[in-house]
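Q: quick check, what structure comes out for this input:
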Amino acid sequence: MKLARRPEPRRARLHHVPQMAAILWAFARSTPWLPRVRPRHTDLRLMAQFTRRGWVRIVPGRRGPAAFITREGERILALYVHPRARRRGLGSALLQDAKSQSPRLELWVVEANHPARAFYTAHGFVEVARARGGGNDENLPDILMVWPPESSQRSAEV
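A: Numbers count the residues shown, from 1 in each chain. Got it, this is the predicted structure:
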């Protein structure tokens, strides 16, 4: 996947939804511990709703989005990078863009997703709570992380 010279996040449009869904589904296919819990049409509907609300930003590639972030206010709902575009700073660019728009960010990351946890920790997020997964679609144990660390409280079980 050929990318633009500098990753410059911009607002996603409805015509990006199928390509963003393909990025999400590629992650799901390559992640053996992640159960399939929703039909694809539900993913598409949700992504279209979030895009209409202006919650989604992308980093464009030559053939469409190479990465995207979904954020409602200070809550990051999703951040995914196309498998062929990983390790090129796109996730970092999206996270930096989100930080520039909000004085505080929070997200839930699945406990088993060690690469994502390391990524967020490297970007200044800290763990503030753990849960058994009742709040995520997959029902997997997860961790609440926040940025900046001064906004966090001591770790707690939710």
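Q: partner strands of the lengthiest strand in the chain, with direction?
A: The longest strand of the chain (DSSP state E) is strand 64-72. Paired strands of strand 64-72, with direction, are strand 56-61 (antiparallel), strand 75-81 (antiparallel) (DSSP bridges).
Q: run through who's touching it.
A: With C-beta atoms under 8 Å, 6 or more residues apart in numbering as the test, strand 64-72 has contacts from 1, 3, 7, 9, 12, 16, 19-20, 23, 47, 50, 53, 55-60, 76-82, 85, 90-91, 93-95, 97-98, 102, 105. Backbone N, C-alpha and C define where each C-beta goes, glycine included.
Q: for the chain, what spans make up the helices?
A: Ranges of helices within the chain are 17-29, 40-52, 90-101, 114-122, based on DSSP state H.
Q: how about those helices in JSON lines, adding distance to residue 137, mean pLDDT and mean neighbour count?
A: Formatted as JSON lines, those follow (distance: least, C-beta to C-beta, whole Å; pLDDT from 0 to 100; neighbours: other C-beta atoms under 10 Å):
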{"stretch": "helix 17-29", "distance to residue 137": "11", "mean pLDDT": "93", "mean neighbour count": "17"}
{"stretch": "helix 40-52", "distance to residue 137": "10", "mean pLDDT": "96", "mean neighbour count": "15"}
{"stretch": "helix 90-101", "distance to residue 137": "21", "mean pLDDT": "96", "mean neighbour count": "18"}
{"stretch": "helix 114-122", "distance to residue 137": "16", "mean pLDDT": "96", "mean neighbour count": "14"}
